[in-house]
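[1] Provide a 3D model corresponding to the input given below.
(2 chains)
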Number of protein chains: 2
Amino acid sequence: MAVREATPQDARLVARMLHAFNTEFGEPTPPVEVLAERLERLLAGDDMVALLAGEEGLALLTFRPGVWDPGPVALLEEMYVVPDRRGQGIGSAVIERAFDVARERGCATFQVNVDEPDVDAQRFYEAHGVAGTFDGHRAFWFEREL
Amino acid sequence: MAVREATPQDARLVARMLHAFNTEFGEPTPPVEVLAERLERLLAGDDMVALLAGEEGLALLTFRPGVWDPGPVALLEEMYVVPDRRGQGIGSAVIERAFDVARERGCATFQVNVDEPDVDAQRFYEAHGVAGTFDGHRAFWFEREL
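    Next up is the predicted model:
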């Protein structure tokens, strides 16, 4: 499965996939138009990358500065495969490409947050070397609105 | 307790505090010189901010693009108060200022990761409105080296 880096011209496709993702999982989402407008700007910048496997798989990555490593830190913000193409290796192709893109940018660390009930996602990440225990303990993702 | 935004000229002080933090908790850290050199560059940029309460309290924040909100997303990367000044409200002053800085930058979301055994930190964050449950469930922080 070929995976390519999205350009700002792909903003609408990426927006549609992110919208479908949140809709499927009952999460709130801005309308596709709003996401597309944001993505057109963000994908033209240097600190967000979307990876596309056709119109069927997506990873959205951000890069931010880190002090502990010489390079930036990669965070997998979102990952999505269209429902009728799941279980066919598309997610694996996309995440492996995400690792490569992060390595090319000099990242030493690749992070993601995953919901506790989403054991399938946890298994998927663990199978790709992204683990939820550090020195024998777990870490939680905390958040607040401002 | 006055809290101010660090400048690149504060890189060495920030480096010393981060080094002391990791050393206290048995985490690996580059030498102070290496951290100071990195911080001098990063604090001159736009996507990392260090907040200082004298030489006694520190918060290190990053900002990265987000698609779900109009503005960037704030992540509290590190927070530290020197051992003999803990429990005196310095951490509270620092994190409240971190919220303000994030709001000024248009952030709607403020994130942090916290180790499961570190119940004191969890209590501190919860007391400041940073919560570890979303729609009734928790989320884990997953990570791999590249």
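[2] can you pull out the strands in chain A?
    Using DSSP state E, the strands of chain A run over A:4-5, A:48-53, A:57-64, A:73-81, A:109-115, A:133-134, A:137-145.
[3] what's A:N22 in contact with, if anything?
    Neighbouring residues of A:N22 by C-beta atoms under 8 Å, 6 or more residues apart in numbering or on different chains: A:28-29. (Each C-beta comes from the backbone N, C-alpha and C, glycine too.)
[4] If we use 6 Å, what do you get?
    A:T29 (C-beta atoms under 6 Å, 6 or more residues apart in numbering or on different chains).
[5] is chain B contacted by the helix or strand bottoming out on mean pLDDT in chain A?
    When each helix and strand of chain A is scored by mean pLDDT, DSSP states H and E, strand A:133-134 comes last, with a mean of 87. No. Using C-beta under 6 Å from any C-beta of the partner chain, strand A:133-134 stays clear of chain B, with a minimum separation of 7.0 Å.
[6] Tell me the gap between that strand and the middle of its chain.
    21 Å (C-alpha atoms, centre = their mean, to the nearest Å).
[7] Stretch A:8-28 now?
    Distance, centroid of stretch A:8-28 to centroid of chain: 12 Å (C-alpha atoms, centre = their mean).
[8] Take it, keep the C-alpha atoms, and write them as CSV.
    What follows is stretch A:8-28, C-alpha atoms only, in CSV (Å, rounded to 0.1, in the frame of the first residue of the first chain):
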residue,chain,number,x,y,z
PRO,A,8,-2.2,21.5,1.2
GLN,A,9,-4.2,20.5,-1.9
ASP,A,10,-5.2,17.4,0.0
ALA,A,11,-6.7,19.4,2.8
ARG,A,12,-10.3,18.6,1.9
LEU,A,13,-9.7,14.8,1.7
VAL,A,14,-7.8,14.8,5.0
ALA,A,15,-10.7,16.9,6.5
ARG,A,16,-13.3,14.4,5.3
MET,A,17,-11.4,11.5,6.8
LEU,A,18,-10.9,13.2,10.1
HIS,A,19,-14.6,14.2,10.2
ALA,A,20,-15.6,10.6,9.4
PHE,A,21,-13.3,9.4,12.1
ASN,A,22,-14.8,11.5,14.9
THR,A,23,-18.3,11.0,13.6
GLU,A,24,-17.8,7.2,13.8
PHE,A,25,-16.6,7.3,17.4
GLY,A,26,-19.2,9.8,18.5
GLU,A,27,-16.7,12.6,19.1
PRO,A,28,-17.5,16.2,18.4
